[in-house]
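1. sequence first, then the predicted structure, then my questions.
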Amino acid sequence: MPGLEVEFNDARSQQFMHCWCSGMLRALREGPLLPLAPGSEVYRFTWIPSSRGSFVIRIEHLGPVHSLHVKMTGMEEGTLALDRRVLLTPTQWQAVQQRLAEARFWSIDRFFASRGLSYLDGSEWLFEGGREGRYRVLSLHSPDPEGPERAIHDLGVFLVELAGITLPGGQLY
């Protein structure tokens, strides 16, 4: 959206963004996704808004077990407002796989925002995945639900619904 971004081109600003995302994952008590156990598959969606608490949804497939783990930051630093794990049915796992395919997660050619922009408002959407010895990351800022990033937006909305998260204001942005 016009007026919400500030352009930066230096490596220090890019490094800051990567450190910021890593810090948020530490605050949510999330470790690295790699290395993966043989035959396992994992996906993680981290939502980092500019003005409220963040959350992470991690979905894992290990052997016959499919699970979802959701965490939300608390009001006080170092606390979690939510830390819940649920088992998924094979049908739910297939629905996740379908939405990943629709979003072209493993084949899309854009991993990070293209013009080296830093935003002053909105939210950062970080999708990570690991399977068959591969790791992939996709970082977007407030994907447009009606634009070319619609399938990515729909994937995020689906994961929030699957996790049973109720957001203040009712929607992802």
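-> Perfect, I can see it now.
2. in contact with Ala151: list those residues for me.
-> Ala151 makes contact with Arg99, Glu102, Ala103, Arg104, according to C-beta atoms under 8 Å, 6 or more residues apart in numbering. Bear in mind the C-beta positions are built from the backbone N, C-alpha and C, glycine included.
3. for the one helix or strand Arg44 maps to, which strands pair with it and how are they oriented?
-> Assigned by DSSP states H and E, Arg44 falls within strand 41-49. Using DSSP bridges, strand 41-49 pairs in its sheet with strand 55-62 (antiparallel), strand 123-131 (antiparallel).
4. by mean pLDDT, flag the weakest helix or strand of the protein.
-> strand 5-7 (a mean of 40; mean pLDDT, DSSP states H and E).
5. in JSON lines, list the strands paired with strand 41-49 along with mean pLDDT.
-> Below are these laid out as JSON lines (pLDDT from 0 to 100):
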{"stretch": "strand 55-62", "mean pLDDT": "95"}
{"stretch": "strand 123-131", "mean pLDDT": "91"}
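6. can you tell which of those strands is closest to Leu88?
-> Leu88 sits nearest to strand 55-62 of all the strands paired with strand 41-49, at 7.2 Å, using C-beta to C-beta.
7. what comes up buried for the closest one?
-> Residues of strand 55-62 classed as buried: Phe55, Val56, Ile57, Arg58, Ile59, Glu60, His61 (neighbour count, 16 or more other C-beta atoms under 10 Å).
8. could you check the angle strand 55-62 makes with the helix or strand just after it?
-> Per DSSP H and E, the first helix or strand lying C-terminal to strand 55-62 is strand 65-73. Angle of strand 65-73 versus strand 55-62, following axes from the mean of the first three to the mean of the last three C-alpha atoms, to 10 degrees, is 160 degrees.
9. and stretch 44-56, how far from the chain's centre?
-> 8 Å (C-alpha atoms, centre = their mean, to the nearest Å).
10. contacting residues around that stretch?
-> Contacts for stretch 44-56 (C-beta under 8 Å, 6+ apart): 20-21, 24-25, 27-28, 30, 33, 57-59, 70-75, 81-82, 119-129, 155-156, 159-160, 163, 165, 168, 172-173.
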